[in-house]
Each structure stands twice: as C-alpha cells, then as structure tokens.
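> Predicted model and sequence follow; I will ask about them next.
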Amino acid sequence: MENKNYNYIDYNDLSEEKRKALYEEFLNAYPEEKKLSLIFRFAPLGFAAIIIALVIASLVLYFISGIGIPFIVMLSVMLVALLAFIIFRVKLDKVRYAHSARYSAWLLDVKHVVAELSR
C-alpha cells in the first residue's frame with residue numbers, strides 16, 4: 001500500500017522484537033499512555049490479590065467460628081469484591097480498546113505501519 005511518498009508496512013510482517021520496540025517508543029512518547037499500560041498490567045493483579053486474601057480470610061473465619069454472621073458478612077464482602085472486579089474489567093477493556101486505537105493511529109501516522117485493531 002502506498003500513499004504519497006511513503007511505503008507502508010504491515011504490522012503483522014514485523015518481528016516480535018520490532019513490535020515491542022515500537023510499543024515502547026509509543027509509551028515513551030506519551031507518558032499518559034505509559035501510565036495506562038501500567039494500570040493494564042497491575043490493576044487486575046491487585047484485584048486478584050484482594051480476592052484471594054478475602055477467600056483466605058473467609059476460610060480462617062469459617063474454621064474459627066463456623067457458619068455465622070461474621071462468615072456471611074465476609075462472603076458478602078467477597079462477592080461485592082468480585083462484582084467490582086467484573087465491572088472494573090469491563091471498563092478497563094473499553095479503555096484498553098481506546099489505547100489500542102491511539103497506538104494504531106500513532107503507528108500509521110508516525111511510523112507508517114498499518115495495524116488492524118482486534119477486539
């Protein structure tokens with residue numbers, strides 16, 4: 001594909017190392033995108049750690065006091081945390097798609113690479 005004097009490259013034809021280098025260059029060019037990239041990586045891990053801690057606390061509470069009000073409250077808190085995680089993931093996926101669209105536009109405009117978004 002040619003446009004004006006530029007030769008465009010297909011993103012799928014690039015090596016994995018070149019793809020990573022381009023993504024790192026994009027993140028370095030836009031600090032706010034770098035922050036988003038860190039959120040994509042670490043926020044789900046944080047939620048998972050919280051949910052695992054709540055499961056362990058529920059088990060400990062069950063063995064200490066059996067099934068009672070504190071145990072039911074702990075299970076309710078765990079279910080609320082799971083629901084919050086699901087809502088967070090849906091919103092994060094929307095932000096991730098917008099991030100991918102900005103990356104794709106950057107590739108096309110700055111690096112003359114054609115990249116298709118996959119949902």
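In hand now; what should we look at?
> can you pull the contacts of the residue nearest the centre of the chain?
By C-alpha atoms, centre = their mean, the chain has its centre lying nearest to residue 40, at 2.8 Å. Listed by C-beta atoms under 8 Å, 6 or more residues apart in numbering, the contact partners of residue 40 are 92, 96, 99. C-beta here means a position set from N, CA and C on the backbone, and glycine is covered the same way.
> Buried residues, the longest helix along the chain. List them.
Determined from DSSP state H, the single longest helix within the chain is helix 69-106. For helix 69-106, a neighbour-count test (16 or more other C-beta atoms under 10 Å) marks 71, 74, 75, 78, 81, 85, 92, 99, 103, 104, 106 as buried.
> between those residues, which is closest to residue 15?
Nearest to residue 15 among the buried residues of helix 69-106, counting by C-beta to C-beta, is residue 103 at 17.5 Å.
> Was I right to think that closest one contacts residue 27?
No: the pair residue 103 / residue 27 is not scored as a contact, 9.0 Å apart, by C-beta atoms under 8 Å.
> any common contacting residues for the two?
Counting by C-beta under 8 Å, 6+ apart, the common neighbours of residue 103 and residue 27 are residue 33.
> what residues are up against residue 77?
With C-beta under 8 Å, 6+ apart, residue 77 has these contacts: residue 54.
> and it, how far is that from residue 48?
Between residue 77 and residue 48 the distance, using C-beta to C-beta, to the nearest Å, works out to 16 Å.
> Return the helix or strand in this protein with minimum mean pLDDT.
In the chain, no helix or strand scores lower on mean pLDDT, DSSP states H and E than strand 2-3, which sits at a mean of 46.
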